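Engineer: Coordinates only, no sequence provided:
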């Protein structure tokens with residue numbers, strides 16, 4: 001069990017906690033606001049939920065990889081950042097195009 005405790009410190013970082021909150025909030029947002037009228041093919045829902053999940057999971061995997069490879073960890077953390085930036089842009093696009 002000690003193996004999992006050494007690299008699990010990232011779970012207490014504000015960035016990881018926030019990435020989890022963003023993932024849960026994105027799921028709630030998509031369930032509430034995206035439907036067949038404004039997202040007929042479900043592409044926006046799939047894109048947003050995938051970006052939120054990817055941001056969270058790549059942050060976790062990148063933090064775990066710090067134990068073995070800094071270069072690999074930095075690449076995964078950059079993918080997490082890029083995924084969350086992509087999600088931000090999806091939210092902005094929805095706000096601009098959606099009549100509310």
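Structural biologist: Alright, I've got the coordinates. Here the structure is a predicted model, which is why all the values come from computation and not from measurement.

Engineer: Look at residue 88 and say how many residues are nearby.
Structural biologist: Neighbourhood size, residue 88 [other C-beta atoms under 10 Å]: 13. For the C-beta atoms, the positions are set from N, CA and C on the backbone; glycine is no exception.

Engineer: list the contacts for residue 48?
Structural biologist: Contacts here follow C-beta atoms under 8 Å, 6 or more residues apart in numbering; on that basis residue 48 touches 26, 29, 30, 34, 87, 90, 91.

Engineer: what's the answer for residue 74, then?
Structural biologist: Listed by C-beta under 8 Å, 6+ apart, the contact set of residue 74 reads residue 62.

Engineer: hmm, back to that, hmm, which two among the contacts of residue 48 are most spread apart?
Structural biologist: With C-beta to C-beta as the measure, no two of these lie farther apart than 34 and 87, at 13.5 Å.

Engineer: More neighbours: the two, which one.
Structural biologist: residue 87 (22 against 19).

Engineer: hang on, isn't the more buried one packed against residue 22?
Structural biologist: Yes: with contact defined as C-beta atoms under 8 Å, residue 87 and residue 22 form a contacting pair (7.1 Å).

Engineer: Need the residues touching each of these two.
Structural biologist: Common neighbours of residue 87 and residue 22 (C-beta under 8 Å, 6+ apart) are 52, 55.

Engineer: State the distance from the nearest residue to residue 13 once chain neighbours are set aside to residue 70.
Structural biologist: Beyond its immediate neighbours in the sequence, the residue positioned closest to residue 13 (C-beta to C-beta, 6 or more residues apart in numbering) is residue 63, lying 7.7 Å away. Computed as C-beta to C-beta, to the nearest Å, the residue 63 to residue 70 distance reads 12 Å.

Engineer: Looking at these two, which one has more neighbours?
Structural biologist: residue 63 (21 against 10).

Engineer: quick one: contacts for that one?
Structural biologist: By C-beta under 8 Å, 6+ apart, the neighbours of residue 63 are 7, 9, 10, 13, 16, 73, 77.
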